[in-house]
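Novice: sequence first, then the predicted structure, then my questions.
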Amino acid sequence: MEARNPAPPKWGDNAAYPIEINPTAPAARSPPQQSSARDFQPFGRWIPWLVPSFVVANVVLFIVTMYVNDCPKNSPSCFAGFLGRFSFQPLKENPLLGPSSSTLEKMGGLDVPKVVNEHQGWRLVVCIWLHAGVIHILANMLSLLFIGIRLEQEFGFVRIGLLYVISGLGGSLMSALFSQTTIGVGASGALFGLLGGMLSELIMNWTIYANKFAALLTLLLVIAINLAVGILPHVDNYAHIGGFITGFLLGFVVLIRPQFGWVSRKNAPLGYPAGPVKRKHKVYQYILWISAVILLVFGFTVALIMLFRGINANDHCSWCHYLSCVPTSKWSCKPKVHYCSASQGATLLNLTCQGNGKNQSYPLSNATEIQIQDLCRQLCT
């Protein structure tokens, strides 16, 4: 998703306004082959390599995840069995064409009990590089290419790398506080952080852009549509909101630009008198920068303390569950809970679904709780 202006210059382009030249100074003659003011670009552009690297890393990790999943070995039936070890879990279990929940948990998915009780805080970061299926990773990686490459061209790999990773962490934290019964994976929080950063960058550097109101309305529409999709069932909108808030605040910190007058005076082409001296940043930019830093430090500190104390944020917010799912006559937001009785033999696991009475034996020894839950879900569906 890329926000564009209907007319040039495009939002985010380097050439926002013409170079400032002192109108009272005598005109100077440009030497041959000298760059003119019309060619002046106040902000540099970078060759994007980090965002494509992120895409490759996500795809490689998904392939590794499917290799570890090994559906034919661990499940009685698989989808697209001709893929062998890389075949998918049954569609009833995972309609996104991907691995089982137990595999995602093994690979580092966000499992709140393990984060809290076993101090596996690393899952908050690792989970943003994992995906639940082909459909999931395809949607996220296309969005990352559309949004991330342009931002990296404008601001470089350091700023966008920090924005992506820290926003992903913010999304994981909010998801962990509100959604504590599922395995969470995906780069959606980081992607929404990039959208939040785009919005705060536009506000922070408001004075240097042309067509700013058109850009603002376009960007707000894109953000609203994406957040609205998150209220559908089975979508973790908490990660979206947490990533967006983190990226919005972080954008004020890492995406600040100097004022155009300061840049144009510093980089005025030879032969053109510089304009009057101007400050590098405006007062409102400093105020936004300081406020954003304080809110980020405070927010992350409070969220981490609440998480590692085992606090469920839903207990302190009776309406917050509507942020992730709004029930309608077409769907329910209550998670389906399946119950099975299990007996583990030396080489066989016997399960009986308490809902429909179905019974099934599986060639598994020492099955984990997550594996039992995956098989129970298949048996009861």
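Specialist: That came in fine, so what should we check first?
Novice: can you pull out the low-pLDDT segments for the chain?
Specialist: 1-44, 233, 259-278, 331-332, 334-338, 355-356, 370, 381 (pLDDT under 70).
Novice: longest helix of this protein?
Specialist: In the chain, taking DSSP state H as the definition, the longest helix is helix 283-308.
Novice: which other helices and strands contact that one?
Specialist: The criterion is 3 or more C-beta pairs under 8 Å, 6 or more residues apart in numbering; DSSP states H and E, and the helices and strands that helix 283-308 contacts are helix 112-117, helix 157-178, helix 188-204, helix 237-254. Where you see a C-beta, it was placed from the backbone N, CA and C, and this is true even at glycine.
Novice: between the ones you listed, which gets nearest to Gly345?
Specialist: Within the helices and strands packed on helix 283-308, the stretch nearest Gly345 is helix 112-117; the backing value is 27.1 Å (C-beta to C-beta).
Novice: can I get the CA coordinates of the closest one in CSV?
Specialist: The C-alpha trace of helix 112-117 is given here as CSV (Å, rounded to 0.1, in the frame of the first residue of the first chain):
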residue,chain,number,x,y,z
VAL,A,112,2.5,-15.9,26.3
PRO,A,113,2.7,-18.6,29.0
LYS,A,114,6.3,-19.5,27.9
VAL,A,115,7.2,-15.8,27.8
VAL,A,116,5.9,-15.2,31.3
ASN,A,117,6.6,-18.5,33.1
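Novice: which residues touch whichever helix or strand comes after it?
Specialist: Remark: after helix 112-117, the chain's next helix or strand is helix 123-126, criterion DSSP states H and E. The contact list for helix 123-126 (C-beta atoms under 8 Å, 6 or more residues apart in numbering) reads 107-111, 114-115, 165, 168-169, 172-173, 176.
Novice: how far is helix 123-126 from where the chain is centred?
Specialist: Offset of helix 123-126 from its chain centre (C-alpha atoms, centre = their mean, to the nearest Å): 13 Å.
Novice: try stretch 289-309
Specialist: 18 Å.
Novice: could you pull up the residues touching Asp236?
Specialist: Counted by C-beta under 8 Å, 6+ apart, Asp236 has contacts Ser175, Ser179, Thr182, Gly184, Gly186, Ser188, Gly230, Ser324.
Novice: any chance you could map the helices in this protein?
Specialist: 50-69, 71-74, 101-107, 112-117, 123-126, 134-155, 157-178, 188-204, 212-229, 237-254, 260-266, 283-308, 369-380.
Novice: just to revisit the earlier point, which of the contacts of helix 123-126 sit farthest apart?
Specialist: Lys114 and Val165 (21.0 Å).
Novice: any chance of the helices of the chain in JSON lines with distance to Pro363 and mean neighbour count as columns?
Specialist: Formatted as JSON lines, the helices of the chain follow (distance: least, C-beta to C-beta, whole Å; neighbours: other C-beta atoms under 10 Å):
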{"stretch": "helix 50-69", "distance to Pro363": "17", "mean neighbour count": "17"}
{"stretch": "helix 71-74", "distance to Pro363": "9", "mean neighbour count": "18"}
{"stretch": "helix 101-107", "distance to Pro363": "16", "mean neighbour count": "22"}
{"stretch": "helix 112-117", "distance to Pro363": "27", "mean neighbour count": "16"}
{"stretch": "helix 123-126", "distance to Pro363": "30", "mean neighbour count": "20"}
{"stretch": "helix 134-155", "distance to Pro363": "27", "mean neighbour count": "19"}
{"stretch": "helix 157-178", "distance to Pro363": "35", "mean neighbour count": "24"}
{"stretch": "helix 188-204", "distance to Pro363": "36", "mean neighbour count": "26"}
{"stretch": "helix 212-229", "distance to Pro363": "40", "mean neighbour count": "15"}
{"stretch": "helix 237-254", "distance to Pro363": "36", "mean neighbour count": "26"}
{"stretch": "helix 260-266", "distance to Pro363": "68", "mean neighbour count": "19"}
{"stretch": "helix 283-308", "distance to Pro363": "38", "mean neighbour count": "14"}
{"stretch": "helix 369-380", "distance to Pro363": "11", "mean neighbour count": "20"}
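Novice: can you redo the ones you listed as a markdown table with distance to Ala346?
Specialist: Conversion of the helices of the chain to a markdown table gives the following (distance: least, C-beta to C-beta, whole Å):
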| stretch | distance to Ala346 |
| --- | --- |
| helix 50-69 | 24 |
| helix 71-74 | 18 |
| helix 101-107 | 21 |
| helix 112-117 | 28 |
| helix 123-126 | 33 |
| helix 134-155 | 36 |
| helix 157-178 | 37 |
| helix 188-204 | 42 |
| helix 212-229 | 48 |
| helix 237-254 | 41 |
| helix 260-266 | 74 |
| helix 283-308 | 39 |
| helix 369-380 | 16 |
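Novice: measure Pro90 to Glu105 for me?
Specialist: Using C-beta to C-beta, to the nearest Å, Pro90 is found at 18 Å from Glu105.
Novice: hang on, the earlier thing: let me know the closest of the contacts of Asp236 to Ile147.
Specialist: Ser188 (12.0 Å).
Novice: which ones are touching the residue lying closest to Met141 once chain neighbours are set aside?
Specialist: Using C-beta to C-beta, 6 or more residues apart in numbering and skipping residues adjacent in sequence, the residue nearest Met141 is Val55, 5.0 Å away. Contacts of Val55 were listed using C-beta under 8 Å, 6+ apart, and they are Met141, Leu144, Leu145.
Novice: likewise for Val112?
Specialist: If you count contacts by C-beta under 8 Å, 6+ apart, then Val112 has Ala176, Gln180, Thr181, Leu307 around it.
Novice: domains in this structure, by residue range?
Specialist: 45-268+281-323, 340-380 (automatic domain parsing).
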